[in-house]
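J.: Sequence first, then the predicted structure, then my questions.
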Amino acid sequence: MTENVIEFDPNRRPRRSRRTTASAPVGTDLEGLIDSWKRALEASNKAPYTIYLYTRSVTAFYAYLRANDHPHDAEGVTADHVRRFLAAEQARTSAHTSAAHHSYLGVFFRWLIAEEERSTFSPVLRADRPHVPKKARKYLSDQEIAALLAACKGAGFAERRDTAMIMVLIDNGVRASGLAGIQLENVDLPGRRILIVLKGGDEHWIPIGAKTVVALDRYLRVRAKHGWASSPNLWLGVRSKTMGKMTRAGVALMLSRRGEEAGVAGVHPHRFRGTAAHLLLEAGADPDSVRRILGWKSYDMLKHYTEELADERARATHTRLSPGDRF
């Protein structure tokens, strides 16, 4: 019986094994998922401006993928695509903007995974978050606040309204959106408090001091003569031809204008938030009370806004409680 034997040929090249390359499954195009994500954000009661920022980042990322011929479906996007986008945005804008994109894209891809639109891990990696150089936060000094109030001095409608708004801002550091959205019926002067809506939709009572109560009382008396006095909104525009509801943009514009009149540069609503927290801590308020007054859910935000002046407060505390001064 003859055996089938293959003779060895030293000149014969070895046959290459056929290897199949695993390819990622093609997922749903990202453009079609942005609206679905927006609806989910709205259902979870995210603030409108937050939704705008989130969806703007994802829309910019999608445009980048299309422009550079990268995969633009839920399954095909890789960590390298995200890195390239973040680097391009940092070069075009700033590290701060790029870091914001990183955060918002992370939320989006976590949603895709939860919705089973993506079968693998998120391409937005923690290690790829752009480093944002820390900048000194600018607080308002007592002299600057006094100058702003002096610029609003007067008995007219705009003067009384702007004085009251600035007093509320410095008293409790309310956000511009919360300030602009105050309803007339939610102002409790006898109880020295105002009901506002926080970022995210939660209601919160902010406390106000005696001088802020007086400023609001002066404004309410002149407001009663306004053409839109029956409006449910606390803050009204100067002209009575329209309802003139104040928006967050209107608050920022007013502060900028009053800052120019007072000779104080860079006046915007967020400067009052950190300043109010610092002044409360400096006056001896405990951190938990400050956190509750400003409507923060964690101490991280308190630290974020007030850390830079912590040493100054510590030195003031030492001056008051110096161990050496006991002897």
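T.: Perfect, thanks for sending it. Predicted model only: the values in this text are computed from it and were never measured. Numbering: from 1, shown residues only.
J.: Give me the most central residue, the chain.
T.: residue 50 (7.2 Å; CA atoms, centre = their mean).
J.: got a pLDDT number for that one?
T.: On pLDDT, residue 50 comes in at 89.
J.: Who are the packing partners of the one helix or strand it maps to?
T.: Per DSSP states H and E, residue 50 falls inside helix 48-67. In terms of contacts (3 or more CB pairs under 8 Å, 6 or more residues apart in numbering; DSSP states H and E), helix 48-67 is packed against helix 30-43, helix 79-92, helix 95-114. From N, CA and C alone the C-beta is placed, and that goes for glycine too.
J.: what's the angle from that helix to helix 95-114?
T.: Counting by axes from the mean of the first three to the mean of the last three CA atoms, to 10 degrees, helix 48-67 points 90 degrees away from the direction of helix 95-114.
J.: now helix 48-67, how far from the centre of its chain.
T.: In terms of CA atoms, centre = their mean, to the nearest Å, the centre of helix 48-67 is set 16 Å apart from its chain centre.
J.: between that helix and helix 79-92, how many degrees?
T.: If you take the same axes, to 10 degrees, helix 48-67 sits at 110 degrees to helix 79-92.
J.: Identify each buried residue in helix 48-67, please.
T.: 51, 54, 55, 57, 58, 60, 61, 62, 64, 65 (16 or more other CB atoms under 10 Å).
J.: what's the closest of these to residue 204?
T.: Minimum distance to residue 204 across these is 20.6 Å, recorded for residue 51 (CB to CB).
J.: my guess is the closest one contacts residue 38, does it?
T.: Yes - assessed by CB atoms under 8 Å, residue 51 is found in contact with residue 38 at 6.2 Å.
J.: can I get the helices and strands packed on helix 48-67 in TSV with mean neighbour count and mean pLDDT?
T.: Formatted as TSV, the helices and strands packed on helix 48-67 follow (neighbours: other CB atoms under 10 Å; pLDDT from 0 to 100):
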stretch	mean neighbour count	mean pLDDT
helix 30-43	15	95
helix 79-92	17	96
helix 95-114	18	95
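J.: Tabulate the ones you listed in CSV, adding columns for distance to residue 288.
T.: CSV is the format used below for those (distance: least, CB to CB, whole Å):
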stretch, distance to residue 288
helix 30-43, 31
helix 79-92, 37
helix 95-114, 27
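J.: Of all these, which one comes closest to residue 182?
T.: Comparing those by CB to CB, helix 30-43 comes nearest, at 23.2 Å.
J.: about what we covered before: looking at the buried residues of helix 48-67, spot the one nearest residue 256.
T.: residue 51 (25.7 Å).
J.: if I pick the nearest residue to the closest one once chain neighbours are set aside, what's in contact with it?
T.: Leaving aside its sequence neighbours, residue 51 sits nearest to residue 41 (CB to CB, 6 or more residues apart in numbering; 4.8 Å). For residue 41, the contact set (CB atoms under 8 Å, 6 or more residues apart in numbering) comprises 50, 51, 54, 55.
J.: Do I have it right that residue 161 meets residue 233?
T.: No - using CB under 8 Å as the test, residue 161 is too far from residue 233 to be in contact (11.7 Å).
J.: Tell me which of those two has more neighbours.
T.: Using other CB atoms under 10 Å as the criterion, residue 161 and residue 233 rank with residue 161 on top: 26 against 16.
J.: Kindly indicate whether the more buried one is helix, strand or coil.
T.: Assigned by DSSP: H, G, I helix; E, B strand; the rest coil, the conformation of residue 161 is helix.
J.: Leaving out chain neighbours, which residue sits closest to residue 272?
T.: residue 169 (4.0 Å).
J.: Alpha carbons only: can I get the helix or strand that neighbour falls within in CSV?
T.: Using DSSP H and E, the element containing residue 169 is helix 157-172. The C-alpha trace of helix 157-172 is given here as CSV (Å, rounded to 0.1, in the frame of the first residue of the first chain):
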residue,chain,number,x,y,z
PHE,A,157,-37.6,102.9,38.4
ALA,A,158,-34.3,101.7,36.9
GLU,A,159,-32.2,102.9,39.8
ARG,A,160,-34.4,101.2,42.4
ARG,A,161,-34.7,98.0,40.4
ASP,A,162,-30.9,97.7,39.8
THR,A,163,-30.1,98.5,43.4
ALA,A,164,-32.5,95.8,44.6
MET,A,165,-31.0,93.2,42.1
ILE,A,166,-27.5,93.9,43.2
MET,A,167,-28.4,93.7,46.8
VAL,A,168,-30.0,90.3,46.3
LEU,A,169,-27.0,89.1,44.3
ILE,A,170,-24.5,90.1,47.0
ASP,A,171,-26.7,88.9,49.9
ASN,A,172,-26.8,85.2,48.7
